[in-house]
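>>> how would this look folded up:
(chains A, B, C and D)
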Protein chains: 4
Amino acid sequence: MPADLVMTQLRAFVAERDWDQFHSPSNLAKSISIEAGELLECFQWSDASDLDRTVAELADVMTYCLLLSDKLGVDPNGIVLAKLEETKRKYPIEKAAGRSTKYDRLPD
Amino acid sequence: MPADLVMTQLRAFVAERDWDQFHSPSNLAKSISIEAGELLECFQWSDASDLDRTVAELADVMTYCLLLSDKLGVDPNGIVLAKLEETKRKYPIEKAAGRSTKYDRLPD
Amino acid sequence: MPADLVMTQLRAFVAERDWDQFHSPSNLAKSISIEAGELLECFQWSDASDLDRTVAELADVMTYCLLLSDKLGVDPNGIVLAKLEETKRKYPIEKAAGRSTKYDRLPD
Amino acid sequence: MPADLVMTQLRAFVAERDWDQFHSPSNLAKSISIEAGELLECFQWSDASDLDRTVAELADVMTYCLLLSDKLGVDPNGIVLAKLEETKRKYPIEKAAGRSTKYDRLPD
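So this is what the prediction gives:
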């Protein structure tokens, strides 16, 4: 599924409903947190979650992420790759392999 | 930036560090909430946020979303579009235009 | 530790720093979500967390909860008890005992 | 409303439903994030929220905070005050007054 097609459809959905007025970056950031909480609710009492519900909640988080990236004028895949380069530097393979330690506590 | 390339790079990053063992769906859902909180922190006291920091935090949320979609075996753009179809039905243009009302409180 | 003393100290702390101007209900709600994310980070990759760090993050969440209750003009312990009465009705012992099922999916 | 009474009632509520088995620290931390998201939803599109709904959601966050403090064996008011002492040191009045700047960016 091409990413451009998704953004085009999201923009049309928002425009048709005249919802851009509500989509300030701050409101979209709140929306991402709210939907992330609903996604987390799928795992509240157990690590085993219902797949359909989990996928639907994940889609909600991603939708608001795409809307925020569009509002900020950045390419969603581009910013993920740029951040990945930074994360690679913070977590060198030889130090981070097999550990979940945060970068500022990795051994020197 | 093609979406497939991003997923390929993310998978390589995780594999090289042997981090798949930490990436249960539950842990990834927690990670999405944690990073969503860091994104929200950009807007904690003001609606005006620093762009570079906001983009970096948004990238972190999206990275974990992509990893979770991969772990669940679903196409990230596909699930966003599928959910959009559902949302369109919940928010018909003639009822929802110009309102931020939740669907279960829209007028009949 | 009496609850009144805590609120008195929190109010003095805020007043001395002239921070009331930042503490709108909306900003405090964001702060609660942000701190809840930091608390969750203690459990990101493992159910075993560092106690001191967990307690410090929990204290941050509670601090903003107390500030919000004060801003809304409600008694924090009073609203917890009032909500508990409501929750008791939603989760009758004979139906809810030993189950983590959400109330709207409990058996009739 | 005395804090001890609240904790006694919360403990009885949980014991009667045999829910302690679900209340691991990790699950309670997830629950705090989930409820914080529901509280934030009261402010999703506007800084003006419905008071009754906001209070009910705040009570849910506080309830899980109290349950987590009890599970960790700490006094909720005590940990808030202890953290306040630490925060006072991080934010000296003469530097922090009238500013929402994070402590690590305060002027020297």
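
>>> What are the structural domain limits within chain A?
Listed domain ranges for chain A are A:1-74, A:75-108 (source: automatic domain parsing).

>>> Of those domains, give the one that comes closest to chain D.
For chain D, the closest of the domains of chain A is domain A:1-74, at 2.3 Å, according to CB to the nearest CB. All C-beta atoms are positioned from the backbone trio N, CA, C, and that covers glycine.

>>> Quick check: residues of chain A near chain D?
A:22, A:27, A:30-31, A:33-38, A:40-41, A:43-45 (CB under 8 Å from any CB of the partner chain).

>>> hmm, 10 Å instead?
Those residues of chain A that sit near chain D, judged by CB under 10 Å from any CB of the partner chain, are A:19, A:21-24, A:26-28, A:30-47.

>>> and the residues you listed, which are buried?
Buried members of the residues of chain A next to chain D, counted by 16 or more other CB atoms under 10 Å in any protein chain shown: A:19, A:22-23, A:26-28, A:30-45.

>>> Can you tell me which of those end up in helices?
A:26-28, A:30-41 (DSSP state H).

>>> mind checking the longest helix of chain A?
In chain A, taking DSSP H as the definition, the longest helix is helix A:51-72.

>>> does any part of that one sit near chain C?
No. Figure legend: helix A:51-72 not in contact with chain C (CB under 10 Å from any CB); closest approach 11.4 Å.

>>> what do you get for stretch A:31-47?
Yes. Judged by CB under 10 Å from any CB, stretch A:31-47 and chain C are in contact via A:33-34, A:36-37, A:40-41, A:44-47.

>>> With stretch A:91-108 instead?
Yes. Using CB under 10 Å from any CB, stretch A:91-108 reaches chain C at A:99-102.

>>> quick one: which of the residues you listed is nearest chain C?
Chain C lies nearest to A:Ser100 out of the residues of stretch A:91-108 next to chain C, by CB to the nearest CB, at 3.9 Å.

>>> low pLDDT regions in chain A?
Along chain A, segments meeting pLDDT under 70 span A:1-2.

>>> can you rerun that using 90?
Scanning chain A for pLDDT under 90 picks out the ranges A:1-4, A:49, A:105-108.

>>> Work out the gap between stretch A:10-28 and the centre of the chain.
Counting by CA atoms, centre = their mean, to the nearest Å, stretch A:10-28 is centred 17 Å from the centre of its parent chain.

>>> circling back to that earlier point, any idea which of the ones in helices among the buried ones among the residues of chain A next to chain D is the one closest to B:Gly73?
The closest of those to B:Gly73 turns out to be A:Leu39 (CB to CB; 16.4 Å).

>>> OK, contacts around the closest one?
Contacts for A:Leu39 (CB atoms under 10 Å, 6 or more residues apart in numbering or on different chains) come out as A:49, A:53-62, B:25, B:28-30, B:32-33, B:36, B:65, B:68, D:34, D:37.

>>> One more: A:Tyr91?
Taking CB under 10 Å, 6+ apart, we find A:Tyr91 in contact with A:97, A:99, A:101-103, A:106, B:13, B:16-17, B:19.

>>> farthest-separated two in the residues of stretch A:91-108 next to chain C?
The span of these, defined through CB to CB, is set by A:Arg99 and A:Lys102 at 9.6 Å.

>>> any residues in contact with both of these two?
Jointly contacting A:Arg99 and A:Lys102 under the rule CB under 10 Å, 6+ apart are A:91, C:45.
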